[in-house]
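Trainee: I would like the atomic coordinates for the input below:
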Amino acid sequence: MGESIKGLKRTAYCAEFDMKNVGEEITVFGWVQRQRDLGNLIFIDLRDRSGIIQLSFNDNTDREIFEKAKSARTEWVVAAKGVVAERESKNKEIPTGDIEVMVNDFRIVSKAQTPPFEVEKAFEVGDDTTLKYRYLALRNEKLTKNILMRHKIAKIARDYFYDNDFIEIETPMMIKSTPEGARDYVVPSRIHNGKFYALPQSPQIYKQLTMIAGFDRYIQLARCFRDEDLRADRQPEFTQIDLEMSFVDCDDIMSMAEGFIVKLMRETIGVEIPEKLPRMTFEEAMNNYGSDKPDTRFDMLIQDISDWADKTDFVVFKNAIAEGGAVKAIVAKGGAAAYSRKKIDKLTEHAKGIGAKGLAYIRWADAEPNCSFNKFLKDGELAELISQLGAEQGDAVFIVSDKTRKALTIMGALRLIVAKELGIIPEGKWNYLWITEMPFFELDEDTGEYVAAHHPFTMPLEESIQYLDTDKSKVKAEAFDLVLNGTELSSGSMRITDTKLQTKMFELLGMTQEEIDAKFGFLVDAYYYAAPPHGGMGIGLDRLAMLICGADSLRDVVAFPKVQNASELMSGAPSFVDDAQLDELGLTVLKVEE
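Mentor: Have a look, this model is predicted:
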């Protein structure tokens, strides 16, 4: 059994002391990061959530205390009391590197087994191990700082929106299942056998109802749940800084968000950004970057060479154009040296993996450019293309032909790959960007059908409403996205408040009146009692923290994350439940997955 800390009260956290505290007696608690036994000297690096401070034991230390320090091992919980002194051998790598604590009271509070990995080296260990022992990995300084930064972001959000008259309102966690794009997580009801709650994909409907209720400005750090395939920037449960405002337009909402982002960047990492963030239309983003969440930290814009390609005899290009498609290119400045034929083959395979039929290229490494389709060109056509693209000796050009939107998407993905491989994406740039004039519908080029691009409560631009029945390609949404360095942080829009228009939108989504009444009747009914014009957005807290922390994955900013198959390795969730629980819920498991 460990020693009691009775009589000891923490003075401050370990990393909060410096030279101004020399001569003071302090008390600190924490975990042993490292113990160094030099015979007549013992040093212990004591760690808590703030960082590390060095404890020092020498010939003047009480022998009983010295022997306890001698026995201390990594990850033991200890308490220490002593006098702050200036270190003889300073460590500039840590904030407390100029000082140490000359210990006069030392207690071993809790002993630890040898951990399965060194906490200091948690990032060098496989995920299977660190996620199983997540509580140990979280002691790692980098992960600790990430979690603290996430906390700071949440606090800044609350402070900012509270100061701007927003009201924090909690919305239900068990709701009615409504179609919102992804699969719902469902919760069976014990009382209402055969019926299910859904965990919210977002608080969308409820926050709109708070506007109808008259609360005018709503804020919530909302937990959201989506049963979809995971990736580095996605978890099945996530948090968004969710807001809704009445009597506003899109500019008001965006301006409010800009104020938050400016404050956030200044108070977290000391970076000043413009008070008004740049804006780019959806079409401009797609045509130049091949993405509705473009990374604008580097150039290498996509160029359309369809007019040139249509004049050549290269049937691959001509056929794509004849079928209503396009030919798109990017110029990798200085890329000829980096892209050998072998590396181009690898890039081609990657392009095929994301839907390309092939990848044409020009590699200008020597005096004459090497063009993969040169034999199909007439004299002067290659020179004309190179001039049009602005390519020079030393550059590489990559070209894709396909249906226009598909070609753009493929080139957008290749643009990012090439930029990373060439190392041209600058560090320390924070390119926030609004994407505006979003299409209301998206054309599925495989089926030729238009499908909704937003949730069904999004308001079409007033001048677009006339095209709802005649030409869906002309319908624009009163919506916007916030992007940072190529990552989408938020989607927002004005909401429909007219019952007839809302019903029409449901019908355009293929819903019958019976389905509308069953799934959204309560919302449609609410509009009959007068709704103010309103809109809002949800900013992804996890993604924001990931980018500000410079992390590679959401796992690095979530305390207890899930892996790609949506399981949580530490606790073993999801797990089987016993038959008694299933019987109470009126459920039978027909298929058991081993």
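
Trainee: Going by C-alpha atoms from here, please, whenever you check contacts or count neighbours.
Mentor: Noted.

Trainee: so what's Lys152 closest to, chain neighbours aside?
Mentor: In this structure, Lys152 finds its nearest non-sequential neighbour in Thr268, 7.4 Å apart by CA to CA, 6 or more residues apart in numbering.

Trainee: Show me what the host helix or strand of the one you found is in contact with.
Mentor: Thr268 is part of helix 250-269 when elements are defined by DSSP states H and E. By CA atoms under 8 Å, 6 or more residues apart in numbering, the residues outside helix 250-269 that reach it are 149, 152-153, 156-157, 160-161, 245, 271-277, 478-480, 493-494, 535-537, 548.

Trainee: Just the buried ones among these, please.
Mentor: 149, 152-153, 156-157, 160-161, 245, 273, 277, 478-480, 493-494, 535-537, 548 (16 or more other CA atoms under 10 Å).

Trainee: roughly how far apart are the residue nearest to Lys152 and Ala15?
Mentor: Here the criterion is CA to CA, to the nearest Å. By it, Thr268 lies 18 Å from Ala15.

Trainee: okay, these two: which has more neighbours?
Mentor: More crowded of Thr268 and Ala15, by other CA atoms under 10 Å: Ala15, with 18 against 15.

Trainee: how close does the more buried one sit to Pro95?
Mentor: Applying CA to CA, the value for Ala15 to Pro95 is 7 Å.

Trainee: cool, and Ile212?
Mentor: Noted for Ile212: a distance of 51 Å to Pro95, by CA to CA.

Trainee: what does Met570 give?
Mentor: Plainly put, Met570 is 33 Å away from Pro95 if you go by CA to CA.

Trainee: Check Met511 too.
Mentor: Counting by CA to CA, the gap from Met511 to Pro95 is 61 Å.

Trainee: which residues sit in contact with the closest residue to Glu381 other than its chain neighbours?
Mentor: Among residues not flanking Glu381 along the chain, Thr312 sits closest, at 7.6 Å (CA to CA, 6+ apart). Going by CA under 8 Å, 6+ apart, Thr312 touches 318, 376-378, 381.

Trainee: cool, and Gln220?
Mentor: The neighbourhood of Gln220, defined by CA under 8 Å, 6+ apart, consists of 168-170, 240-243.

Trainee: a markdown table please, covering those and showing secondary structure.
Mentor: A markdown table is the format used below for these (DSSP: H, G, I helix; E, B strand; the rest coil):
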| residue | secondary structure |
| --- | --- |
| Glu168 | strand |
| Ile169 | coil |
| Glu170 | coil |
| Gln240 | strand |
| Ile241 | strand |
| Asp242 | strand |
| Leu243 | strand |
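
Trainee: Show the buried residues in those residues.
Mentor: 168-169, 240-243.

Trainee: Could you pull out the buried residues of the helix or strand in which Thr210 is found?
Mentor: Counting by DSSP H and E, the element that carries Thr210 is helix 204-212. The neighbour-count check on helix 204-212 (16+ other CA under 10 Å) flags 204, 206-212 as buried.

Trainee: Could you pull up the mean pLDDT of that helix?
Mentor: Per-residue pLDDT over helix 204-212 has a mean of 96.

Trainee: now stretch 493-511
Mentor: Mean predicted lDDT for stretch 493-511 stands at 87.

Trainee: Contacts for that stretch next, please.
Mentor: So stretch 493-511 is contacted by 249-250, 451-452, 456-459, 477-480, 512-513, 516, 524, 527-528, 531-537 (CA under 8 Å, 6+ apart).

Trainee: Let's see that with 7 Å instead.
Mentor: 249-250, 452, 456-459, 478-480, 516, 524, 527, 531, 533-537 (CA atoms under 7 Å, 6 or more residues apart in numbering).

Trainee: So which of those residues sit within helices?
Mentor: 250, 516, 524, 527 (DSSP state H).

Trainee: Go through the residues you listed and name the one nearest Gly23.
Mentor: Distance to Gly23, by CA to CA, is smallest for Cys250 among these, at 57.8 Å.

Trainee: Show the pLDDT at that closest one.
Mentor: Turning to Cys250, the model gives it a pLDDT of 97.

Trainee: And for it, the neighbour number?
Mentor: So Cys250, with other CA under 10 Å, has 19 neighbours.

Trainee: the strands in the stretch 251-400 of the chain, which residues?
Mentor: Here the stretch 251-400 of the chain has its strands, by DSSP state E, counting those that start in this stretch, at 279-281, 303-304, 326-332, 360-363, 370-371, 396-402.

Trainee: Which among the ones you listed is found nearest to Lys81?
Mentor: Lys81 lies closest to strand 279-281 among the strands of the stretch 251-400 of the chain, at 56.0 Å (CA to CA).

Trainee: Name the nearest of the ones in helices among the contacts of stretch 493-511 relative to Tyr361.
Mentor: Nearest member of the ones in helices among the contacts of stretch 493-511 to Tyr361, counting by CA to CA, is Cys250, at 42.6 Å.

Trainee: and that closest one, how far is that from Met286?
Mentor: For Cys250, the distance to Met286 equals 21 Å [CA to CA].

Trainee: Over to Glu100?
Mentor: 57 Å.

Trainee: The two: which has the busier surroundings?
Mentor: Each of Glu100 and Met286 has its neighbours counted (other CA under 10 Å); Glu100 has more, 26 against 18.

Trainee: And for that one, nearest residue in space, chain neighbours not counted?
Mentor: Nearest residue to Glu100 in three dimensions, chain neighbours excluded: Gln54, at 4.9 Å (CA to CA, 6+ apart).

Trainee: any idea how far the one you found is from Arg10?
Mentor: 16 Å.

Trainee: now do Leu148
Mentor: The gap separating Leu148 from Arg10 is 20 Å, by CA to CA.

Trainee: Kindly report the same for Ile44.
Mentor: Computed with CA to CA, the distance linking Ile44 and Arg10 is 18 Å.

Trainee: swap in Gly2?
Mentor: With distances taken as CA to CA, Gly2 is found 18 Å from Arg10.

Trainee: Repeat that for Met494.
Mentor: As judged by CA to CA, Met494 and Arg10 stand 50 Å apart.

Trainee: Show me which residues of the helix or strand of the chain with the lowest mean pLDDT are buried.
Mentor: Within the chain, no helix or strand scores below strand 449-452, which has a mean of 75 by mean pLDDT, DSSP states H and E. Using 16+ other CA under 10 Å as the test for burial, strand 449-452 gives 450, 452.

Trainee: Contacts for that strand next, please.
Mentor: Contact with strand 449-452 is made by 440-444, 509, as judged by CA under 7 Å, 6+ apart.

Trainee: Let's see the PyMOL selection covering just the buried ones among the residues you listed.
Mentor: A single PyMOL command selects the buried members of the contacts of strand 449-452 (16+ other CA under 10 Å):
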select buried, resi 440+441+442+443
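
Trainee: Of the contacts of strand 449-452, which belong to helices?
Mentor: Among those, no member falls in helices (DSSP H).

Trainee: Report the buried residues of stretch 541-556.
Mentor: Applying 16+ other CA under 10 Å to stretch 541-556 flags 541-549, 551, 553-556 as buried.

Trainee: That stretch spans what distance, first to last residue?
Mentor: 13 Å.

Trainee: just stretch 43-59 next, same as before
Mentor: In stretch 43-59, first residue to last residue: 13 Å (CA to CA).
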